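Asker: Return atomic coordinates for the entry below.
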Amino acid sequence: MDTLKSMRVFARVVEAGSFTAAAQSHDSTTGAMSRAVADLEAHLRTRLLNRSTRRLSVTPAGERYLERCRQILADLDKAEEEASGAHERPAGTLRLFSFASIGQHYLLPAISRYRAQYPDVTVELTMSQSAPDLFGGGSDVAIIGAPSLSDSEMVSHLLGSTCGILCASPHYVRSRGTPEKPGDLAQHECLILNTPAFPPHEWLLEGPGGSELILVRGPLQVNIAESLVVAIRAGMGIGMLPLYAAVDGLRDGTLVRVLPHHTLQNMNIYALYPSRKFIDAKTRTWVDFLRTHLPEVIARDKTLLAG
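Answerer: Numbering: from 1, shown residues only. Okay, here's the model as predicted:
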């Protein structure tokens, strides 16, 4: 049995949540992944995973072993990177995490431009609405949006600031009218975007008269901005969209801005990575690239607000 290979398989199965998902990411088969974990359990003489037809769960012994596996594999990867000159030449797999909408609108186009400069780097992008465990070794860099960051052992870089705006479809405003002031929203269907960064039913609008908190309820609540765009375009109501999720609809006319002198849910975008003595070249160049690229893209999007 190749112990290191089996350790990698075990760690990947836990990260992926199933043998099938792990097999797909490893270009292997479900059976091969299952056998590798079973061989590892036999070698250790302990059960690492509880298996059922619906889900996997890690046993207490598996949790302890997983932590050690991650440390060993991270040290091994680092040794291989150092030996191959990875601290000088960007190469290998760059594992990125991003909140879903930021990843779709900002990171995927950025990755294309980055790889044009560094073609030896391949990218593995994971998008979710839940914060990542960077110390667990699943990602090299996370790109998240938040009003601010709490104290953390992570290295952080502020990449830019954006905001939310209220949008509706042309059909909705023709049939229901347009609110003239924040208080008028009580007479409208308000669609809710539920994300970790802000209370979903509180819209704190910033405008010429200062701040005004509006409590909202509505017929639909979703947790992905792109899903909310579909609902708004269908005429279901007025919704708060991050600017980056709204720009395409504003440009092609399928969305119109409501209360155009107000913004809400101001948000910073950060790059985070674990504090290390040595940062490999692919991580360093990616973060440096984003620090130049992303402010330019955010500034371009904000020109819509001034128009």
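Asker: so what's residue 111 up against?
Answerer: By Cβ atoms under 8 Å, 6 or more residues apart in numbering, the contact set of residue 111 is 96, 123, 125. (Each C-beta comes from the backbone N, C-alpha and C, glycine too.)
Asker: most neighbours, which of those residues?
Answerer: The member of the contacts of residue 111 that has the most neighbours, counting by other Cβ atoms under 10 Å, is residue 96 with 23 neighbours.
Asker: Averaged pLDDT, stretch 295-307. What do you get?
Answerer: For stretch 295-307, mean pLDDT is 86.
Asker: How many residues are close by residue 59?
Answerer: Neighbourhood size, residue 59 [other Cβ under 10 Å]: 15.
Asker: Over to residue 37?
Answerer: Counted with other Cβ under 10 Å, the neighbours of residue 37 add up to 24.
Asker: Strands of the stretch 151-300 of the chain, start to end?
Answerer: 154-168, 190-193, 202-207, 210-215, 221-222, 238-242, 256-258, 263-274 (DSSP state E, counting those that start in this stretch).
Asker: residues contacting the residue lying closest to residue 160 once chain neighbours are set aside?
Answerer: Spatially, and ignoring its direct neighbours in sequence, residue 160 is nearest to residue 298 (4.2 Å; Cβ to Cβ, 6 or more residues apart in numbering). Residue 298 makes contact with 160-162, 244, 269, according to Cβ under 8 Å, 6+ apart.
Asker: mind listing what residue 112 touches?
Answerer: Residues in contact with residue 112, defined by Cβ under 8 Å, 6+ apart, are absent; none qualify.
Asker: per-residue confidence averaged over the host helix or strand of it?
Answerer: With the criterion set as DSSP states H and E, the secondary-structure element containing residue 112 is helix 108-117. On average, the pLDDT along helix 108-117 is 95.
Asker: And the next helix or strand past that helix?
Answerer: The C-terminal neighbour of helix 108-117 among helices and strands, as given by DSSP H and E, is strand 121-128.
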